[in-house]
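Colleague: Here you go, sequence then predicted model.
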Amino acid sequence: MALINYATREINFKIVYYGPGLGGKTTNLRWIYGELDQNTKGKMITLATEMDRTLFFDFLPVDLGRVRGFQTRLRLYTVPGQVFYNATRRIILRGADGLIFVADSQRERREDNLDSLRNLKDNLATFDLRLPDVPYVMQYNKRDLPNLMTVAEMDELLNPNRVPYFESVATQGIGIFETLKEIAKTVIRKF
Amino acid sequence: MLIDRIKLFESGFQAIKENIEKLLQQSDAKAVLLVDRDGNLITNAGETEKIDLESFATLAAADFAATSQLAELIGEQQFLTLYHQGERDHLYFQALARNIIIAVIFDQRTTLGLVRVRVKHAAQTLSKILEDIFGGQEQLAPEEEARIEDISKDIEDELDRLFG
């Protein structure tokens, strides 16, 4: 949850990337890490298996600098997408100020996207929250691959609340910062 | 989520800071840190120059969260303390009120026993202070509240500048 420390003049926001396994959540963070200046980013933490699958989470702090005297920071997390890591997903989700749902646009991942979205709703329910109550945006990733669902199909399937969505190719950085900027602004407007 | 944002004010923060400094001295530890369960660093004292504090706070919170799940599996609500023994430096964590964790880094200058006793004592005082702070007993001056509410536009401008 957002922390405002008036004594040290700091504000922190927590943003969580959610979505099915191998959907591109970690790739989002790696791209952001690669693009930002040393002054703006902190150390990226990755708790992954030997096969480079997220085991617990990835974490990247992004410093927005001093705004009206307050050091303002976005703390970006990914959850592990694999189905059996739900306990750790719930831990990371706790206290999130905003969410990015990273969906895999490949037609064969349709059910995986749906399962992950359902799982997100279930996990939010354990905190007495409903998805429409939480600031979130959609990211339709892997738009460069063959056999894709159309954006309209994905929106129909995954975005009943009609929140903003972004097409992306995380491996090439397409749509990455647009998505992050939108969720950050959404969170801050509700602040 | 947003409804639960944590606000820390000057007087509460100073009371926390003083108690953290006191614990550092009384336990002969290298460093003492206070973090919340979301991985936010609240304050620290001692030899922390060589530590990546942001990473430390995040991983300490994650460590606590993971072991809390382990605790639940064996029928405990949570583990109140955690101890990690290294070759030279060791870590001792203690859960406080309001989802705050105290983390002590110590070496051969002291002992686990002393750290444990001092932390237990400090935890009582700190938990009381945290209950007062998060129990909403302290209010922000109206002009400061307005200043914070007004900050959103400036943060948005900063996001545009950084992310294009």
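Modeller: Ah, there it is. These numbers were taken from a predicted model, which means no experiment stands behind them.

Colleague: Okay, helices next: where are they in chain B?
Modeller: B:10-27, B:53-73, B:112-134, B:142-149, B:152-163 (DSSP state H).

Colleague: Put together a markdown table for those, with mean pLDDT on each row.
Modeller: Formatted as a markdown table, these follow (pLDDT from 0 to 100):
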| stretch | mean pLDDT |
| --- | --- |
| helix B:10-27 | 94 |
| helix B:53-73 | 91 |
| helix B:112-134 | 93 |
| helix B:142-149 | 66 |
| helix B:152-163 | 85 |
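
Colleague: Generate a markdown table for those, with mean neighbour count as supplementary columns.
Modeller: For the C-beta atoms, the positions are set from N, CA and C on the backbone; glycine is no exception. Formatted as a markdown table, the entries for those read as follows, by neighbours: other Cβ atoms under 10 Å in any protein chain shown:
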| stretch | mean neighbour count |
| --- | --- |
| helix B:10-27 | 18 |
| helix B:53-73 | 18 |
| helix B:112-134 | 17 |
| helix B:142-149 | 11 |
| helix B:152-163 | 16 |
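
Colleague: I'd like the ones you listed as a markdown table, with distance to residue A:76 appended.
Modeller: Below are the helices of chain B laid out as a markdown table (distance: least, Cβ to Cβ, whole Å):
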| stretch | distance to residue A:76 |
| --- | --- |
| helix B:10-27 | 26 |
| helix B:53-73 | 11 |
| helix B:112-134 | 25 |
| helix B:142-149 | 23 |
| helix B:152-163 | 12 |
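
Colleague: residues near residue A:87, how many?
Modeller: 16 (other Cβ atoms under 10 Å in any protein chain shown).

Colleague: who touches it in this structure?
Modeller: Residues near residue A:87 by Cβ atoms under 8 Å, 6 or more residues apart in numbering or on different chains: residue B:69.

Colleague: From residue A:94, how far off is it?
Modeller: Note on residue A:87: its distance to residue A:94, by Cβ to Cβ, to the nearest Å, is 11 Å.

Colleague: Report the buried residues of the lengthiest strand in chain A.
Modeller: For chain A, the longest strand by residue count, based on DSSP state E, is strand A:54-67. Neighbour-count burial for strand A:54-67, counted by 16 or more other Cβ atoms under 10 Å in any protein chain shown, picks out A:54, A:56-64, A:67.

Colleague: between those, which is closest to residue A:115?
Modeller: Among those, residue A:54 lies closest to residue A:115 (Cβ to Cβ), at 16.8 Å.

Colleague: wait, doesn't the closest one sit right on residue A:24?
Modeller: No. Contact criterion Cβ atoms under 8 Å: residue A:54 and residue A:24 do not qualify, at 11.4 Å.

Colleague: give the contact list for residue 158.
Modeller: All of this is about chain A. Residue A:158 neighbours (Cβ under 8 Å, 6+ apart): A:101, A:103, A:113-114, A:117, A:138.

Colleague: Switch to chain B, please.
Modeller: With Cβ under 8 Å, 6+ apart, residue B:158 has these contacts: A:64-65, A:67, A:72.

Colleague: Tell me the confidence at the residue of chain A found nearest chain B?
Modeller: Using Cβ to the nearest Cβ, the single residue of chain A nearest to chain B is residue A:7, 3.4 Å away. Listed pLDDT for residue A:7 reads 84.

Colleague: A helix includes it, no?
Modeller: No. Read with DSSP: H, G, I helix; E, B strand; the rest coil, residue A:7 is coil and lies in no helix.

Colleague: my guess is residue B:9 meets residue A:9, correct?
Modeller: No. Judged on Cβ under 8 Å, residue B:9 makes no contact with residue A:9 at a distance of 11.7 Å.

Colleague: contacting residues around the residue of chain B found nearest chain A?
Modeller: Using Cβ to the nearest Cβ, the closest approach of chain B to chain A is made by residue B:13 at 3.4 Å. Neighbour list for residue B:13: A:5-8, B:42-43 [criterion: Cβ under 8 Å, 6+ apart].

Colleague: on that earlier part again, out of residue B:9 and residue A:9, which sits in the more crowded spot?
Modeller: Counted by other Cβ under 10 Å, residue B:9 and residue A:9 do not tie: residue B:9 has more neighbours, with 17 against 14.
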